[in-house]
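S.K.: Can you look at this prediction? I've put the sequence above it.
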Amino acid sequence: SSDGSTEEKTLAIIKPDGLLGNYTERIKNVIMDSGFSILRETITQLDEERASTFYAEHSSKSFFSSLIKYMTSGPVLVIVLQKKNAVADWRTVIGPTDAVKAKVTHPNSIRAMCGLDLEKNCVHGSDSLQSAQREISFFFGEISSGELVGMHDEL
Ligand SMILES: Nc1ncnc2c1ncn2[C@@H]1O[C@@H]2COP(=O)(O)O[C@H]2[C@H]1O
């Protein structure tokens, strides 16, 4: 866990509905306005195997097959964010999992802006520092601690 005083990295994903709905620019504006640095980004199309590995912790849930179908329905934009307290702060910025509830309780959150429902919630955020490290290596391998390469892969 974090006391908010050290630099952290976290993984953001703009999910297929977010990318297709042209929310990328608006989401990046929120990222910048909230004080995050973008360390890496890449667009990728997940296949069933990679999506299932990424979401392995949900494999026994009733919504798993639907989640995998959703996350493989189109390309996703995967972003490594850095700032102090990045993991918790990014989850605050994106809002609650259920975008329908987010529109009521967190109207300024990203999921309120572009999410549709409990499943199609537009964006991902790592739920802990440990998850962030696993998820970042899943997409990018190891990133050296001092690295800040900017937006070279931008759409
Ligand atoms: N009860 C649910 N029904 C359908 N999809 C869900 C449910 N709970 C979580 N999800 C989806 O599973 C995803 C797990 O990662 P996220 O929290 O980023 O976003 C979640 C939703 O997209």
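M.R.: Yes, it's here.
S.K.: For the helix or strand where Val80 lies, buried residues please.
M.R.: Element membership of Val80, judged by DSSP states H and E, is strand 76-84. Going by neighbour count (16 or more other Cβ atoms under 10 Å), the buried part of strand 76-84 is Val76, Leu77, Val78, Ile79, Val80, Leu81, Gln82, Lys83. (Each C-beta comes from the backbone N, C-alpha and C, glycine too.)
S.K.: Provide the secondary structure category for Ile43.
M.R.: Look at Ile43: counting by DSSP: H, G, I helix; E, B strand; the rest coil, its state is strand.
S.K.: ok, it touching Leu77?
M.R.: Yes. Between Ile43 and Leu77 a contact is recorded at 5.3 Å, counting by Cβ atoms under 8 Å.
S.K.: so where is this protein shaky, pLDDT-wise?
M.R.: Scanning the chain for pLDDT under 70 picks out the ranges 1-4, 145-155.
S.K.: What residues does it have near the ligand?
M.R.: Counting by Cβ under 6 Å from any ligand atom, the residues of the chain close to the ligand are His58, Phe63, Leu67, Thr97, Leu118, Glu119, Asn121, His124.
S.K.: those helices in the chain, which residues are they?
M.R.: 16-20, 24-33, 48-54, 64-71, 86-94, 99-105, 110-114, 129-140 (DSSP state H).
S.K.: Comparing the ones you listed, which comes out most buried?
M.R.: Most buried of those, by mean neighbour count (mean count of other Cβ atoms under 10 Å): helix 110-114, with a mean of 23.
S.K.: Check which helices and strands it sits against.
M.R.: helix 24-33, helix 86-94, helix 99-105, strand 123-125 (3 or more Cβ pairs under 8 Å, 6 or more residues apart in numbering; DSSP states H and E).
S.K.: mind running it again at 10 Å?
M.R.: Packing partners of helix 110-114 (3 or more Cβ pairs under 10 Å, 6 or more residues apart in numbering; DSSP states H and E): strand 7-14, helix 16-20, helix 24-33, helix 86-94, helix 99-105, strand 123-125.
S.K.: what does the last one rub up against?
M.R.: Surrounding strand 123-125, the residues in contact under the criterion Cβ atoms under 10 Å, 6 or more residues apart in numbering are 10-15, 17-18, 23, 27, 30, 54-55, 71, 76-79, 81, 86-95, 97, 99, 109-111, 113-115, 131-132, 135.
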